[in-house]
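Colleague: Need coordinates for the following:
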Amino acid sequence: MRFQAAVLRSCENPFTVEEVFLRTEPAVGEILVEIAGSGMCRTDLAVRRSAGRSPLPAVLGHEGAGVVVRAGEGLDTAIGVGDHVVLSFDSCGHCRNCRDAAPAYCESFASLNLFGGREEEPPRLTDATGKALAPRWFGQSSFAEYALVPARNAVRVDPALPLELLGPLGCGFLTGAGAVLNTFAAGPGDTLAVFGAGAVGLAAVMAATAAGVLTVAVDRHPERLALAERFGATPLHAASPDLPERIRRLTDGGAQHALDTTASPPLINKALQALRPTGSLGLVARLHTPLPLEPGTLDRGRSIRHICEGDAVPGVLIPRLIGLWRAGRFPFDQLIRTYPLAGINEAERDCDAGRVVKPVLLPERTSR
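Modeller: This is a model prediction of the structure:
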């Protein structure tokens, strides 16, 4: 089967949209999904900074949504041909953490999601010359017309929904909302400070507002702060003087929870200083530098931890977020701008420049 996909051949060069070949049918427990739309996430773009740790050339994309067009044997789920699905991250399903309903902490998470797929699998995807492409980025490689994925990755959704917009629920929006609803289990009367009002941070703001949480949002872009305010948060510029003290005043003595999406050590320290005693800080972005903590930031019972994929079971959280959206309480669609798959480099430039919160790529139908 041949179709169009966006291929990243090196860390320095732009994506190229080209014809690729799928060399296999769905195996046991797999489905072939015709992609309706795929969100662009900062994790996709981070491959450019991976210094060879991620195999290239590759087809990236891990916020896909589409329609099942083929299914392998032995599916142990209710998903079948014709179903509309949102795709999320891969997990093995049998390690201790997967069995404990913590698939984001799967013991094979890195190998399944970040390094091209399962090692035991032969190359499945090639370019027009027959050169192997690293497939299965986060179990998907959905910057393409089609994606071959484990059915375990897929969450069935109502076909009446705008399928092309739902992909970011599988990662970026799931991460921000999951941090609030799962990790912090925040509810009415709780307080939250969100550092970074990008896709993940704004999803956290929306989820917090839906849960009745008093929220402060910190960012350096006025337009992002305006969005956070629209979604129910009190906005604060990241360069505000005495930022931790201002947050403590707004949250009646300090935030109960803080979420950092920036990976900025200075802001992480400010987030810790803004917490009340016994408050907790969650980090969702990968740190690229050492994290020196200022004296006293972890005193009085404060804690810090990393949060992966919003501590989510996708099959539970994605339907919950869709329900909130249908009720008008999680308006994630207001963060999305769509681009044709052929416009992927424009989408990347706009994302890097902060001109768009969540780009979603829409493939054209040229497969044969």
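Colleague: Any regions of the protein where pLDDT drops low?
Modeller: Applying pLDDT under 70 to the chain flags the ranges 50-53, 75-77, 115-123, 135, 366-368.
Colleague: now the helices for it?
Modeller: For the chain, the helices defined by DSSP state H cover 42-45, 96-99, 109-113, 172-178, 199-210, 222-230, 243-250, 265-273, 314-326, 344-353.
Colleague: Buried ones in the second one, by neighbour count?
Modeller: The one in question is helix 96-99. Asn97, Cys98 (16 or more other Cβ atoms under 10 Å). Just so you know, the C-beta spots here come from the backbone N, C-alpha and C atoms, and that holds for glycine as well.
Colleague: Can you list the buried residues in stretch 243-253?
Modeller: Leu243, Pro244, Arg246, Ile247, Arg248, Leu250, Thr251.
Colleague: just stretch 61-73 next, same as before
Modeller: Buried-residue list, stretch 61-73, by 16+ other Cβ under 10 Å: Gly61, His62, Glu63, Gly64, Ala65, Gly66, Val67, Val68, Ala71, Gly72.
Colleague: do stretch 35-44 as well
Modeller: Quick answer for stretch 35-44 (16+ other Cβ under 10 Å): Ile35, Ala36, Gly37, Ser38, Gly39, Met40, Cys41, Arg42, Thr43, Asp44.
Colleague: My read is that the second one contacts Ala65, right?
Modeller: Spelled out, that is Ala36. Yes. Between Ala36 and Ala65 there is a contact under Cβ atoms under 8 Å: 5.5 Å.
Colleague: which residues are common contacts for those two?
Modeller: Taking Cβ atoms under 8 Å, 6 or more residues apart in numbering as the contact rule, Ala36 and Ala65 both touch Leu163, Glu164, Gly167.
Colleague: Trp325: what's it in contact with?
Modeller: Contacts of Trp325 by Cβ under 8 Å, 6+ apart are Pro331, Phe332, Asp333.
Colleague: Now go through those and say which are in strands.
Modeller: Taking DSSP state E, every one of the contacts of Trp325 sits outside strands.
Colleague: top of those residues by neighbour count?
Modeller: Phe332 (26 neighbours; other Cβ atoms under 10 Å).
Colleague: which residue packs closest to that residue, ignoring adjacent ones?
Modeller: For Phe332, ignoring the flanking residues on the chain, the nearest one in space by Cβ to Cβ, 6 or more residues apart in numbering is Phe173 at 5.2 Å.
Colleague: what's the distance between the one you found and Val316?
Modeller: Per Cβ to Cβ, to the nearest Å, Phe173 is found 15 Å from Val316.
Colleague: Among those two, which residue is more densely surrounded?
Modeller: Between Phe173 and Val316, Phe173 has the larger neighbour count (other Cβ under 10 Å), namely 32 against 12.
Colleague: tell me the contacts of that one?
Modeller: Counted by Cβ under 8 Å, 6+ apart, Phe173 has contacts Ala199, Val200, Ala203, Leu321, Phe332, Lys358.
Colleague: contacting residues around the fourth one?
Modeller: For Leu321, the contacting residues are Leu169, Phe173, Leu174, Ala177, Ala207, Phe330, Phe332, taking Cβ under 8 Å, 6+ apart as the criterion.
Colleague: redo that, cut-off 6 Å
Modeller: Leu169, Ala177, Phe330 (Cβ atoms under 6 Å, 6 or more residues apart in numbering).
Colleague: possible to save those residues as TSV with distance to Val218?
Modeller: Shown next, in TSV, are those (distance: Cβ to Cβ, whole Å):
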residue	distance to Val218
Leu169	24
Ala177	18
Phe330	21
